[in-house]
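**Q** Following is a predicted model, sequence given first.
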Amino acid sequence: MYIVGRALDLEYALRGVAKATKKKKYAVAMAKRAARAKKHMHAVGDLVSNPDIEDILALADGVKLKLNNEAALLDAAAKLKEVTSRFAVTAEGSAFAAIDSLIPGSDKYKGAPVE
């Protein structure tokens, strides 16, 4: 679930950057979000070997985070969605114990616990 969440964050950040046409607050925030999401996915990729994660990283690295690049960014986001969906269905969670160190501890949780 952690990896799927990180991949979704990347997908939607790319979609956000795609809609930006002027270098203003929204564009800068979306570009920073995308860069951060890409960094998180690279951290996952550094710890585990998986072809879907490799595909996600290739898509993220293969598109420029720049203004007026809507078609390329939306194409990458759509492909990322397909890969993430495939990963969510086929990945076996027990194969990803190496990423446990990336998952925030309970001291970082926000909101009230669900009982």
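**A** Noted; the coordinates are in hand. Everything numeric in this text was worked out from a predicted model, so none of it was measured.
**Q** What is the longest helix of this protein by residue count?
**A** Across the chain, the longest stretch assigned as helix under DSSP state H is helix 25-47.
**Q** Quick one: list the elements packing against that one.
**A** helix 2-19, helix 51-61 (3 or more Cβ pairs under 8 Å, 6 or more residues apart in numbering; DSSP states H and E). All C-beta spots, glycine's among them, are computed from the backbone N, C-alpha and C.
**Q** The same query, at a cut-off of 10 Å, please.
**A** Other elements packing on helix 25-47 under the criterion 3 or more Cβ pairs under 10 Å, 6 or more residues apart in numbering; DSSP states H and E are helix 2-19, helix 51-61, helix 70-90.
**Q** Quickly note the distance from the nearest residue to K81 once chain neighbours are set aside to I103.
**A** Once flanking residues are discounted, K81 sits nearest to E11: 5.6 Å by Cβ to Cβ, 6 or more residues apart in numbering. E11 sits 20 Å away from I103, going by Cβ to Cβ, to the nearest Å.
**Q** looking at the helices and strands packed on helix 25-47, which is buried most?
**A** Highest mean neighbour count of those: helix 2-19, a mean of 20 (counted as mean count of other Cβ atoms under 10 Å).
**Q** before we move on, back to that, show the contacting residues for the residue nearest to K81.
**A** The contact partners of E11, by Cβ atoms under 10 Å, 6 or more residues apart in numbering, come to 34, 37, 56, 59-60, 76-81, 83-84.
**Q** show me the contacts for A43.
**A** Contacts of A43 by Cβ under 10 Å, 6+ apart are R6, I99, S101, L102.
**Q** Which of those fall within helices?
**A** Those of these lying in helices (DSSP H): R6.
**Q** Among the contacts of A43, the buried ones, what's the ChimeraX command?
**A** In ChimeraX, this line selects whichever of the contacts of A43 come out buried by 16 or more other Cβ atoms under 10 Å:
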select :6,99
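**Q** Could you list the low-pLDDT ranges of the chain?
**A** Low-confidence segments of the chain (pLDDT under 70): 113, 115.
**Q** what's the neighbour count on A20?
**A** 21 (other Cβ atoms under 10 Å).
**Q** just checking, it touches R33?
**A** No - A20 is beyond contact range of R33, at 11.2 Å (criterion: Cβ atoms under 10 Å).
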